[in-house]
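Participant: fold the stuff below for me.
(3 chains)
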Amino acid sequence: MKILVAVKRVVDYNVKVRAKADGTGVETANVKMSMNPFDEIAVEEAVRLQEAGKAKEIVAVSLGVAACQDTIRTALAMGADRGILVETDAELQPLAVAKLLKAVVEKEKPDLVILGKQAIDDDANQTGQMLAALLGWPQGTFASKVDIDAGAINVTREIDGGLETVALKSPAVVTTDLRLNEPRFVKLPNIMKAKKKPLDVLKPADLGVDVAPRLITLKVQEPPKRQAGIKVDTVAALVDKLRNEAHVI
Amino acid sequence: MSILVIAEHDNAVLKAATLNTITAATQLGSDIAILVAGHGCGAVAEAAAKVVGVKKVLLADAPYYAHQLAENVAALVVGLAGGYTHILAPATAAGKNMLPRVAALLDVAQISDIVKVESVNTFVRPIYAGNVLATVQSKDPVKVITVRGTAFPAATATGGFAVVETVAPAADAGVSSFVGQQLTKSDRPELTAARTIVSGGRGMGNGENFKLLEDVADKLGAAVGASRAAVDAGFVPNDYQVGQTGKVVAPDLYIAVGISGAIQHLAGMKDSKVIVAINKDEEAPIFQVADYGLVADLFAAVPEMSKELDKLKAA
Amino acid sequence: MTAYTAPTRDMQFVINDLAGMAEVAALPAFAEQDVGPELVEAVLEEAAKLASEVLAPLNHSGDVQGVKIGPQGVIPADGFARAYRKFVEGGWNGIGCSTEHGGQGLPELINTATQEMWNSANMSFALCPLLNAGAIEAISRVGSEQQKALYLPKMVSGEWTGTMNLTESQAGSDLSAVRTRAVPENDHYRIFGQKIFITWGEHDMTENTIHLVLARTPDAPEGVRGISLFIVPKFLVNPDGSLGARNDVHAVSIEHKMGIHASPTCVMAFGDKDGAVGYLVGAENKGLAYMFIMMNEARFKVGLQGLAIGERAYQAAREYAKDRVQGRPVGVKSGDRVTIIHHPDVRRMLMSMKALNEAMRGLAYVVAMNMDLARHHPDPATRQRHQARVDLLIPVVKGWSSEIGIEVASLGVQAHGGMGYIEETGTCQHLRDSRITTIYEGTTGIQAADLAGRKLNMDQGAAMGALIAEIGATVEALGRGVGDDLAAIRAGLAEGVQALAEATDWMLGASNPADAMAVSVDYMMLAGFVCGGWQMARAALVAQGKLMHHDKLRVGDDPLFLEAKLITARFYAEHILPKAGALLRSVRSGGVSILALAEEQF
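Facilitator: All right, here's what the predicted structure looks like:
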């Protein structure tokens, strides 16, 4: 089985993101960038499937600026076999990413695509589902367990209130949730080896995909600061406020 | 504006998240239809028809909708999409799973997890884990949207008189199937995952008194936490500790009972959405960060709160 | 207690732009590895993950829990064995070791940054590989081929750890008093005696521990010329590499210390029964010279510990100052209270911490770069020149950076106000942990004596003269620069290097050795402040150059970061370098008043 893993370069999860003063976006200039944590889980799952003899080749794909090569190198150091960068400076929204990935899938013909369930920058949680829809493939989203046996893919999914297991026909798309696995720490010797693994660079035009954004971000701002609290006199008043003003119970 | 809302249900009960989504829909327009896709889900369609603000209920019943497989439900929604300007679903596991497929098949963007409707094409949604809010405008002919339930009050569940219309199911895609599910029992949630936390401090007096908090917590579906002072005093085990050296939490609701509010404790919970403090010392620093403060003896206030919650449930 | 985030951006700036990775990467020894900026970034980022996610979370818990000793030996704090396994599995232990023994053979310059991270994240933990590295270095340099083959692969991988057994209760800094005996027996020796202060002398994180032990053979001459070095494995190693019998070496107790609670400091008993089997390393009676191989390695890294703790303390203080709301800005009577970072004195503390850390980092990494050139440059004269610089500056890195590390850790407590004095806040631990660094591997006094006595007199000040001339060239380069910042930095550094030159002349001319020794710590600290200032000034020149050629900025060259470099260097020149002048006055006063009182007047 051949696995394609999509990895996104995002602002590191430790960085406290701040809105730009003019509201046009968030401060991303010169902040630390890393692989989207859910995508790390995706790479880890692919590598585990390979180690278990279930997968032959792992191809890591990233889309975006040239620096996404670093993200692909991380995936290669974790165990992916080769990388593909679809390089563009344009803003890529989930639908465009799904279309680009579809084009890559049609070239590479993997049996399974694994993606993070969402990226921690836009928090969209769309790309995997969109890719599956465009390909007409089944999907196992928010996976906490992936079992592959003789071409059948069983995915245990995190749903509200518990877990659900679905059986998917190959080829399929899986998106990862936090509990699927704990990504490995990259080993120093593997960092050295990753430098020698192949990494191809494509352009969106090569894939014939229109990546124009469909959503315009009008402004970005920080949520209002905590308002000065109030004192209530009785327990009944407190419960009423929580129910009807704060909507938390 | 013509809006289609996808109902969340388990074939028996219309889930509350649908009601919040309907409220978001009413802010877009009054022509609201609800799709109930499932199997043997007539009761859900009837419940949906009673929700105030709903004009029409579309009922699609087929065995392969029983478990809301995204491949099948999305195909159905795409088939029904003609004529709607907006398609909404709750931003729940089910909605998030299915709706992006609809958007992709309609070749439009999805606007995920909105917390505010600014206009028929402009919405506010949190990004970067809620550290910032983005106002986005859609250029697409159809707006496909998931709605964060906690950002919109629930629509009134009874009093409406919508018509229920049966629609033909789409074909079974046949690429996926439901194998089984495992729903968690209603044990108390993990501290770090809980949406509500009830925490006790040294003011609890002893470990036995934490039962008062557990009682309230169970009624709220909340986890129970503690300050370092309470842990150090041996009232509760270490893994209850919220604070700089314990667990860092950010639930929707944090109720601090008998906690004075040492800096180390505040560091562990200050990002909670709503903070409630119950303490008999009105000078306690916890009140400086609390949204709602109640100066009271906790041994009277907590049991009273438990009773109030019972009343809510009964209502 | 705050998390630790490795300062990878500053590290990359110092490695690539200040120390000059390009020159190191061009060495034939590193041709294989292709050590460009991308590799530096990838290595630092992955090391940073291990440091912040695995090692740092155990720092506080290890401090609180400490280590225990029982019938089974020493039991490390919870989580340490698992963390050590991850460290070994990641291949980090052998980062700087020769590929011949399974290391990665990366430059000392890169290794140094990872060492800083381990020590910032968890100094107690980092001490274990730190001492192993010294033992590896000694065996690789003077061990027999058989010893290298038998011990090095597993020590390099970290599957076994190594220790340094020097100190005895009657022989602390004075090794001439070592009494441990080594009695020849067939192809080995039997070791009898007791060693104290043995860091990570025993633990169960690995299956074997290789002790390097100083002892005297029966006919050895008195004093330091009669000391030999022995390999004493915890478990004897069979010729095929498998483990044999438990050797007669045991930890008999552990010390209760002010800090580094999670690092077991052991009393080691050799030969309680029939003698511990030991194997001679190199030749008999050459132990002191071999010991210095380990010692120099360790001294450099203890200097790094000063930086490492300073960095951790700074991060904690910075986060607290940005978070803690108290008081209003100077001159404002009403309105919102502000975070304490708005208060000038808190700024002073943060700037001092930041500037001193960056100066320590610049100095240490530049010395690491010199080590690479001294080891691997094809030209012998160039190798020698860089080795002279390394020899001169190791006591400065050790002595000055450890003293400054304590100062920065102390400022870290201060910046927290009352909360800083509370153990739970976590800043106390940094100060307690840092306090050992001026003591072990040669006290500050011994570093100063090494610099002012041995190193200065060895070549009549030639190496120091070359250093002073190079700093002078930087002063000239600053004079050609533009802007107020560079002018202020030039003024500060010019005064500083003048003070260093005058103090050096005074030290070389001192007629009475006791007089020179009495002020040697002042001299060493003066050298440290000036060398640190030199690196800050060089960094400012690099930053200024980049800022003036905006079009040439590389990815990762952040204008705000570069601007901060300039300002921080100016702060250092204006508020820290003036100490050089005061220290010069102290040096010139000599030992008169230091030595004048009779013993009974104390």
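Participant: need the contact list for residue C:502.
Facilitator: For residue C:502, the contact set (CB atoms under 8 Å, 6 or more residues apart in numbering or on different chains) comprises C:584, C:588. In this view, the C-beta of every residue, glycine as well, is placed from N, C-alpha and C.
Participant: same question for the one 5 residues further on.
Facilitator: Under the criterion of CB under 8 Å, 6+ apart, the neighbours of residue C:507 are C:452, C:456, C:516, C:519-520, C:523, C:587.
Participant: and residue A:72, by the same measure?
Facilitator: Going by CB under 8 Å, 6+ apart, the list of residues near residue A:72 reads A:7, A:60-62, A:80, A:83-85, A:199.
Participant: what's the closest of those to chain C?
Facilitator: Proximity of the contacts of residue A:72 to chain C, judged by CB to the nearest CB, is greatest for residue A:199, which lies at 11.7 Å.
Participant: returning to that earlier point: out of the contacts of residue A:72, which is nearest to residue C:89?
Facilitator: Relative to residue C:89, the closest of those is residue A:80; by CB to CB it sits at 19.1 Å.
Participant: tell me the pLDDT of the closest one.
Facilitator: We note a pLDDT of 98 for residue A:80 in this prediction.
Participant: next one: residue A:7
Facilitator: On the pLDDT scale, residue A:7 is placed at 98.
Participant: what's the burial count for the spatially closest residue to it that is not a sequence neighbour?
Facilitator: Nearest residue to residue A:7 in three dimensions, chain neighbours excluded: residue A:39, at 4.3 Å (CB to CB, 6 or more residues apart in numbering or on different chains). Using other CB atoms under 10 Å in any protein chain shown, residue A:39 has 31 neighbouring residues.
Participant: CA atoms of the helix or strand residue A:39 falls within as PDB?
Facilitator: If you go by DSSP states H and E, residue A:39 is part of helix A:37-51. Below are the C-alpha coordinates for helix A:37-51, written out as PDB (Å, rounded to 0.1, in the frame of the first residue of the first chain):
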ATOM      1  CA  PRO A  37       0.600  18.900  15.300                       C
ATOM      2  CA  PHE A  38      -2.300  16.900  13.800                       C
ATOM      3  CA  ASP A  39      -0.200  16.400  10.700                       C
ATOM      4  CA  GLU A  40       2.700  15.100  12.800                       C
ATOM      5  CA  ILE A  41       0.200  12.500  14.100                       C
ATOM      6  CA  ALA A  42      -0.700  11.700  10.400                       C
ATOM      7  CA  VAL A  43       3.000  11.200   9.500                       C
ATOM      8  CA  GLU A  44       3.500   9.000  12.600                       C
ATOM      9  CA  GLU A  45       0.500   6.900  11.700                       C
ATOM     10  CA  ALA A  46       1.800   6.300   8.200                       C
ATOM     11  CA  VAL A  47       5.300   5.400   9.500                       C
ATOM     12  CA  ARG A  48       3.800   3.000  12.000                       C
ATOM     13  CA  LEU A  49       1.800   1.400   9.200                       C
ATOM     14  CA  GLN A  50       5.000   1.000   7.200                       C
ATOM     15  CA  GLU A  51       6.800  -0.400  10.200                       C
END
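Participant: stretch B:177-194 near chain C anywhere?
Facilitator: No. Counting by CB under 8 Å from any CB of the partner chain, chain C has no neighbours in stretch B:177-194; the shortest distance is 14.9 Å.
Participant: from one end of that stretch to the other, what's the distance?
Facilitator: Taking CA to CA, to the nearest Å, stretch B:177-194 runs 31 Å from one end to the other.
Participant: what mean pLDDT does it have?
Facilitator: Here stretch B:177-194 scores 79 as its mean pLDDT.
Participant: contacts for it?
Facilitator: Under CB under 8 Å, 6+ apart, the answer for stretch B:177-194 is A:154, A:159, A:161-167, B:66-67, B:69, B:195, B:197, B:214, B:217-218, B:221-225, B:239-240, B:242, B:247-249, B:251.
Participant: mind listing what's buried along it?
Facilitator: Under the neighbour-count criterion of 16 or more other CB atoms under 10 Å in any protein chain shown, stretch B:177-194 has B:177, B:188-189, B:191, B:194 buried.
Participant: helix or strand for the closest residue in space to residue C:234 that isn't next to it in sequence, which one?
Facilitator: Spatial nearest neighbour of residue C:234, chain neighbours left out: residue C:209 (4.2 Å); criterion: CB to CB, 6+ apart. Taking DSSP H and E as the definition, residue C:209 sits inside strand C:208-215.
Participant: for that strand, C-alpha coordinates in CSV please.
Facilitator: The C-alpha trace of strand C:208-215 is given here as CSV (Å, rounded to 0.1, in the frame of the first residue of the first chain):
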residue,chain,number,x,y,z
ASN,C,208,26.5,-0.4,32.9
THR,C,209,28.6,2.5,34.1
ILE,C,210,32.2,3.1,33.3
HIS,C,211,34.1,4.8,36.0
LEU,C,212,37.3,6.6,35.3
VAL,C,213,39.3,6.6,38.5
LEU,C,214,42.4,8.4,39.7
ALA,C,215,44.6,6.1,42.0
